[in-house]
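# I need the structure of the sequence given here:
(one chain, ligands or ions: 1)
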Amino acid sequence: MSVLPSYQQNKQTITFAFPTPIQLTVISPAIIRVFIDRGESGQSYAIEGDKTVTTDFQVKDAGDHYTIQTAALSVNLDADQHIDVFDKNGNALITDYRGPREHLKGVDKVHKRLVEAEGHSVTQAPTKSDKGYYEIIKSLSPDEYIYGLGDKTGYLNKRGFAYDNWNVDNPAPQLEILPNIYKSIPVMLGLKNGHPYGIFFDNTYQSHLDMGKESDHYYFYSAVQGNLDYYIIGGTTLKDVVTNYTYLTGRTPLPQKWTLGYQQSRWGYSASEEEVKAIADNLEKYDLPCDAIHFDVDYMNGYRVFTWDKDKYNGNPKKFITKLQKRGLKVIPIIDPGVKQDPDYHIYAEGLKKGYFVKAANGDVYINKVWPGKSAFPDFGRPEVRKWWANNGKFLTDLGVAGIWIDMNEPATFEGPIPDDTVFSDQNTPSTHKKMHNVYGHNMAKATYTGLKEQTGNRPFVITRAAYAGTQKYSTVWTGDNRSMWPHIQMMIPQLCNLGLSGFSFTGTDIGGFASDTTPELLTRWIEAAIFSPLLRNHAALGTRQQEPWAFGEPTLSIYRKYLKLRYRFIPYLYDLFAKESQSGLPIMRPVVLNDDQDPRVRDLNDEYMVGDNILVAPVVQKSQIKRLVYLPAGNWVDFWNGAEYAGKQDIVVDAPIDKLPLFIRQNTILPWGPAVSHISDAALHAMTFRVYGNQGTYQHYQDNGRDFKYQDGEWNNYTISVEHGKASVKLTHHGYQPVYQQVTVELADHAVTFNYDADHESYVEK
Ligand code: GLC
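Numbers count the residues shown, from 1 in each chain. Down below sits the predicted model:
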């Protein structure tokens, strides 16, 4: 038996004197950091600033182990360096695995060649060839579910699958077999025998998460290099775990309200003013609410970022952007990181002169191919380069764009991968591609956010494809190049739900599917299924079948319109959820298990989701299906369409013809019901309606100017709407924003009550 080493305590960090010391830091009662210095310098990209909260805790010597105990967690560390974590009631959450490894069976060389001859690959355990390699192996209980992991493909419960953390632009269909796509968000949430926990592995190097594929007895994290640096996250509920995790890595800030509107996109539109104008005309002609049109790479001059091809825009893109704005449509251009290698191009010339591009190991500027052909890559790890990039955005904001869509920032390259030793900076220190790859998109997003904020004063709207843990503070995300196929509409639900559990609340998919050709049925089901996804954008690839709402005529157009109109009614509710999310980190679109983690039925539910606590969405995501089996969680539920009431904790079958999205509201929920509009205007609303599903309830509604940062100085209002014994009341509970609603209507089951604002008493009086 080994002997317990001594330890030293410095404030909330306890260092145990093993040959390689282990540090445990109490960040807060429910967050404990485990750290082993393996020679890596630099700061975290995910966690900004010191998150340590002064916390009472004890370090006890129990003879064969130490225990560090806070109000929420206790962590045991024994002489063999095993770390075991328990909740405050002594339930095991995370325990080091002590049994034998059960490596996947290898295949001999001859058979491996045979399998590969047909084009299949042989499953390999992650490479250990790297000298910096390490593993962390934890026990799995028979009753254990694993969630999160960012944008991985597949199902809600990650148990039994293995994934990589290395941002890639892989054109293969994003089916459940892919180990990694564009983002690396190494946070996992677990329910062990019903007890929630989280682990965040803060290491930007390539890493691997085997969630019980190798063996049903353990899961493991391995990384090719880097410090061993992970955070144990506790909580009484899964919700607490998300709140604690987002306390650590940050929350999606309150967005501009219009960003919750519908957005229309297609690779190819922006090749001419006429084409974009035709899109705007059709949106109006067909009475389709919309707030933004996205401009893909074609608007640029030969794919040169921060240029606009005037010839395609009748000599004056600004004039056209202004015209679109007047029609209620914002413009979101795409920006890629690759800067065309062209000495006559000002961005390239300046970047070259100032040494802003990443360099090959031999000191030359590193060049690879992307859309513009040979391109250089900005060294976003450096603050000065981020500043430069942010300032370059002024070209776009001066033209009047309302946000920036950033893409290809894994970074993607067309001529082979970037060598590991390419010199990328880690802040101001030369580092490697190997270390900085996974935060390339993160740093680009941060630069873009900062520029938009400075130049417009508005809450920045950025959409990124690549991300790392913590990018949620700077950008919304979409899931990249999905395809027009049923497995991808199915996957949208668990994928966006897991992103939500991983701190990313503002997410969406390319509605209708990006690559391949959509069908009227798939497009219809997709707009229904996605109607509550925070980012609501229809986008498709060049050369695929058109998939605008009108592309297939009737009945697709009318159904699409019906759901867009419905979405706009829910904008105030979604905005309220964002106001709450910015405080709690709880996602808008979430798996049922987040609201109800003690119901085993919802722990692997992949075809339903919830919007906040009280809306249950059960979309049809199977071809030709016209009825749906819906599991209703605990509580009582009201069918949104016909008011039918159901008790929870049962399966029901509902009709779901092509124009119906099965939708249920928890009984006794009050929902704000926005006006029927075609665009979310910057003008303040003077009236609001609330719908009551049931005969009692209370609801907090948030209001501000929906645009800038004045809310941070108290310029916001809060209303409490209550209904008791069928009687409604309205109260202004925080008043910091002008104007307040002059009229509030509460729609009860059988009648509506209208209240007028009495400015003298700052109160609402029933009419
Ligand atoms: C990438 C993006 C896609 C975009 C295309 C052209 O594939 O993921 O959304 O349309 O590049 O810019």
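# okay, and for the protein, where does confidence drop off?
The chain contains residues with pLDDT under 70 at 1, 123-129.
# how about the helices of it, start to end?
For the chain, applying DSSP state H gives helices covering 109-117, 238-249, 273-285, 317-326, 346-354, 383-392, 394-399, 433-436, 440-456, 486-501, 520-529, 556-569, 571-584, 592-595.
# any idea how far residue 298 is from the closest residue to the ligand within the chain?
Residue nearest to the ligand within the chain (Cβ to the nearest ligand atom): residue 267, separated by 3.7 Å. Using the backbone N, CA and C atoms, a C-beta is placed for each residue, glycine as well. Counting by Cβ to Cβ, to the nearest Å, the gap from residue 267 to residue 298 is 8 Å.
# Quick check: residues of the protein near the ligand?
Proximity of the chain to the ligand, by Cβ under 6 Å from any ligand atom, involves residues 267, 296, 297, 334, 407, 465, 480, 481, 514, 539.
# same thing but at 8 Å, please
Applying Cβ under 8 Å from any ligand atom, we find that the chain lies next to the ligand at 169, 265, 267, 296-297, 334, 336, 371, 407-408, 412, 465, 478, 480-481, 510, 514, 539, 541-542.
# Of these, keep whichever come out buried.
The neighbour-count test (16 or more other Cβ atoms under 10 Å) marks 169, 265, 267, 296-297, 334, 336, 371, 407-408, 412, 465, 478, 480-481, 510, 514, 539, 541 as buried among the residues of the chain next to the ligand.
# give me every residue that touches the nearest residue to residue 233 once chain neighbours are set aside.
On the basis of Cβ to Cβ, 6 or more residues apart in numbering, the spatially nearest residue to residue 233 that is not a chain neighbour turns out to be residue 198, at 3.5 Å. The contact partners of residue 198, by Cβ atoms under 8 Å, 6 or more residues apart in numbering, come to 148, 187-190, 231-235, 241-242, 244-245.
# Give me the subset of those lying in strands.
If you go by DSSP state E, these have 148, 187, 188, 189, 190, 231, 232, 233 in strands.
# got the buried residues for stretch 622-640?
By neighbour count on 16+ other Cβ under 10 Å, the buried set for stretch 622-640 is 628, 630, 631, 632, 633, 635, 637, 638, 639, 640.
# May I ask you to confirm that the fifth one is in contact with residue 602?
Spelled out, that is residue 633. Yes. Judged on Cβ atoms under 8 Å, residue 633 makes contact with residue 602 at a distance of 5.8 Å.
# contacting residues around the most centrally placed residue in the chain?
Residue closest to the mean C-alpha point of the chain, counted by Cα atoms, centre = their mean, is residue 504 at 2.7 Å. By Cβ under 8 Å, 6+ apart, the contact list for residue 504 reads 150, 151, 185, 252, 467, 471, 472, 477, 587.
# so how many other residues sit close to residue 342?
Counted with other Cβ atoms under 10 Å, residues neighbouring residue 342 total 17.
# tell me the contacts of the residue lying closest to it once chain neighbours are set aside?
Leaving aside its sequence neighbours, residue 342 sits nearest to residue 348 (Cβ to Cβ, 6+ apart; 5.4 Å). Counting by Cβ under 8 Å, 6+ apart, residue 348 makes contact with 304, 339, 340, 341, 342, 376.
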